[in-house]
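# Show me the folded form of this:
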Amino acid sequence: MDILKEVSIKGTKIGIIKGDLTESDADAIVNAANSYLRHGGGVAGAIARKGGPIIQEESDRIGYVPVGECDITSGGRLKARYVIHAVGPRWGEGDEHNKLRNAIRNALILASSKGFKSIAMPAISAGIFGFPKAECAKIIIEEIASFLNGNTTTLKEIAVYLFDEEIIGFFVQEVENVGKETGSP
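Okay, the predicted model is just below:
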């Protein structure tokens, strides 16, 4: 795990980390889920494999989550105690930018409502859902900053876990931009 860039907004650290999301020991990790919470491929598949069958079993009981919304299960065998399943948009379905903003905002609201101090998330929708990587980075970091600036939260650490060099560059740039706006180094 390598912390590539970090800024602070109102006492909450936002970090860009090169590493494996499933290894995070945050209170919760955010899953890039589909609406039916079928965790077969991508980030969702990795989380389900590492966390064990309980994650899929609990997801099956939830059943369905609309795009832009989220729900929560236990973390099974993961280091994180919980998994927040945020459903991002598939590129080309329409209104993708607002749907991604909603998915990020709702994950942050849910984490805060549970009293979590730390969460870790991937680049929701930028993988198999095809969201353009630069736009994804901009929306996710802007939404995190907007949430922190506009809400009281229990969150003290928000980490974005990435492994693809191209998308890492986009996220580092967006965090640097937020740092300049907020005066955080």
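
# Quick check, central residue of the chain?
Geometric centre of the chain, nearest residue: M121, 2.8 Å, by CA atoms, centre = their mean.

# R61 versus that residue, what's the distance?
Separation of M121 from R61 (CB to CB, to the nearest Å): 23 Å. In short, each C-beta sits where N, CA and C put it, glycine included.

# Same check on D71?
Applying CB to CB, the value for D71 to R61 is 10 Å.

# Please apply the same query to R105.
From R105 to R61 the distance is 25 Å (CB to CB).

# The two: which has the busier surroundings?
Shown here are R105 and R61; by other CB atoms under 10 Å, R105 has more neighbours (19 against 10).

# just checking, that one is part of a helix?
Yes. Under DSSP: H, G, I helix; E, B strand; the rest coil, R105 falls within a helix.

# Does it touch E143 like I think?
Yes. Applying CB atoms under 8 Å as the test, R105 and E143 come out as touching, 5.7 Å apart.

# that older thread, now do the same contact list for the residue nearest to the centre of the chain.
M121 sits next to L21, I29, V30, A86, I104, A107, I140, I158, A159, V160, Y161 when contact means CB atoms under 8 Å, 6 or more residues apart in numbering.

# most neighbours, which of those?
Neighbour max across those (other CB under 10 Å) = V30, 34 neighbours.

# just checking, it is part of a helix?
No. Counting by three-state DSSP, V30 is not part of a helix but strand.

# which non-adjacent residue is nearest it?
In space, and not counting its chain neighbours, V30 is closest to M121: 3.6 Å by CB to CB, 6 or more residues apart in numbering.

# Can you tell me how far the one you found is from E143?
For M121, the distance to E143 - CB to CB - is 11 Å.

# all helices for the chain, in order.
Remark: helices assigned in the chain by DSSP state H are 42-51, 53-62, 96-113, 133-150, 165-182.

# Touching both of M121 and E143, which residues are there?
I104.

# in the sheet, who's paired with the nearest residue to S24 once chain neighbours are set aside?
Using CB to CB, 6+ apart and skipping residues adjacent in sequence, the residue nearest S24 is A120, 3.9 Å away. Beta-bridge partners recorded for A120 (DSSP bridges): I29, A159.

# ok, back up a step: can you give me the distance of the residue nearest to the centre of the chain to D60?
23 Å.

# What of G169?
37 Å.

# The two: who's more crowded?
G169 (16 against 12).
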